[in-house]
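Undergrad: this one's structure only:
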């Protein structure tokens, strides 16, 4: 195995991904994580249901849960741990990202830099 995964998942995140996949039916193969420009800090994480695999994307599997990382997001998500938290005020996926340099006050957008030492194509 020994392959390095761009994103890792906690047990709580894997459990949530599995329940999302189950709720979506048999054509859901996992969830896809990416980044897009937006928000007050510059970038936002995106999450969508993956119904197929795309060329060039990275896939992480943990306890039957699959997360696909969009190719254009790999450098921004390298080394990120995906968690799932439920608090009194919100519930959702949380990203512990070493490439994050700052976040806005509402926590909806972040400032990300590409992982250092990686050649950009």
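TA: Everything's here; your move. Note that the coordinates shown come from a computational prediction; the quantities given were computed from them, not determined experimentally. Residues are numbered from 1 along each chain as shown.
Undergrad: show residues contacting stretch 22-30.
TA: Stretch 22-30 has contacts (CB atoms under 8 Å, 6 or more residues apart in numbering) with 17, 20-21, 49-53, 59, 65-68. Bear in mind the C-beta positions are built from the backbone N, C-alpha and C, glycine included.
Undergrad: do a quick rundown of the helices in the protein.
TA: 11-24, 74-77 (DSSP state H).
Undergrad: what comes up buried for the first one?
TA: Within helix 11-24, the residues that qualify as buried by neighbour count (16 or more other CB atoms under 10 Å) are 13-18, 20-21.
Undergrad: hang on, the earlier thing: lowest average pLDDT across the helices of the chain?
TA: In terms of mean pLDDT, the lowest-scoring of these is helix 74-77 (a mean of 89).
Undergrad: okay, the contacts of stretch 22-30 in JSON lines with distance to residue 101 next?
TA: Below are the contacts of stretch 22-30 laid out as JSON lines (distance: CB to CB, whole Å):
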{"residue": "17", "distance to residue 101": "27"}
{"residue": "20", "distance to residue 101": "29"}
{"residue": "21", "distance to residue 101": "32"}
{"residue": "49", "distance to residue 101": "29"}
{"residue": "50", "distance to residue 101": "28"}
{"residue": "51", "distance to residue 101": "33"}
{"residue": "52", "distance to residue 101": "33"}
{"residue": "53", "distance to residue 101": "31"}
{"residue": "59", "distance to residue 101": "27"}
{"residue": "65", "distance to residue 101": "28"}
{"residue": "66", "distance to residue 101": "29"}
{"residue": "67", "distance to residue 101": "23"}
{"residue": "68", "distance to residue 101": "25"}
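Undergrad: turn the buried residues of helix 11-24 into TSV, including distance to residue 4.
TA: Formatted as TSV, these follow (distance: CB to CB, whole Å):
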residue	distance to residue 4
13	18
14	18
15	23
16	23
17	20
18	23
20	25
21	24
